[in-house]
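Visitor: Sequence below, structure please.
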Amino acid sequence: MRPENETCIQKVQLDFPFFSDCGWDQGTTPWQRLTKTRGLTPDTLRQGQKFIMWRLERIASMMEILLDMHEDWQLVGQKDRILMETVSLDFNRALQVLRQNGFSDQEFILTVEYLRKWGML
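Guide: Numbers count the residues shown, from 1 in each chain. Predicted coordinates for the structure are as follows:
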């Protein structure tokens, strides 16, 4: 959306799921192995712990970057994800700052909803 557009409000939602592969560069994620295997071992659990710690650190880093650039976020914790929402920031700025800091588009889910401000679109 053009920043000067005055007919719409953008509702931007960034979704950070805990258990997606999202940039894990070591093949199948340990979480996927844990939930789809019958022969669990202590090492499998330790690898799962390593993955979860890595993923939560990545999410925390993205949240810090976004909170530093813009203060008007609503944060919602759910059982398997963190949601960040705002209506006062253009989503292109959020994407740009995340990419500049080394995060890929596979590490989050972006949803943009346009709400009519007034009149006809």
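Visitor: Run through the chain and note the low-pLDDT ranges.
Guide: Within the chain, the segments meeting pLDDT under 70 span 1-6, 21-33, 35-37, 119-121.
Visitor: In it, spot the strand with the most residues.
Guide: Longest strand in the chain, counting residues (DSSP state E): strand 8-17.
Visitor: That one - contacts with which helices or strands?
Guide: If contacts are counted by 3 or more Cβ pairs under 8 Å, 6 or more residues apart in numbering; DSSP states H and E, strand 8-17 sits against helix 42-69, strand 81-86, helix 91-100, strand 109-116. All C-beta atoms are positioned from the backbone trio N, CA, C, and that covers glycine.
Visitor: which residues sit against that strand?
Guide: 1, 59, 62-63, 66, 80-87, 89-91, 94, 107-117, 121 (Cβ atoms under 8 Å, 6 or more residues apart in numbering).
Visitor: how much does that strand deviate in direction from helix 91-100?
Guide: 30 degrees (axes from the mean of the first three to the mean of the last three Cα atoms, to 10 degrees).
Visitor: by how many degrees do strand 8-17 and helix 42-69 diverge?
Guide: Going by the same axes, to 10 degrees, strand 8-17 makes 160 degrees with helix 42-69.
Visitor: For residue 18, give its distance to residue 50.
Guide: Distance, residue 18 to residue 50, using Cβ to Cβ, to the nearest Å: 14 Å.
Visitor: So between those two, which is more surrounded?
Guide: Here residue 18 and residue 50 are compared on neighbour count by other Cβ atoms under 10 Å; more neighbours surround residue 18, at 16 against 12.
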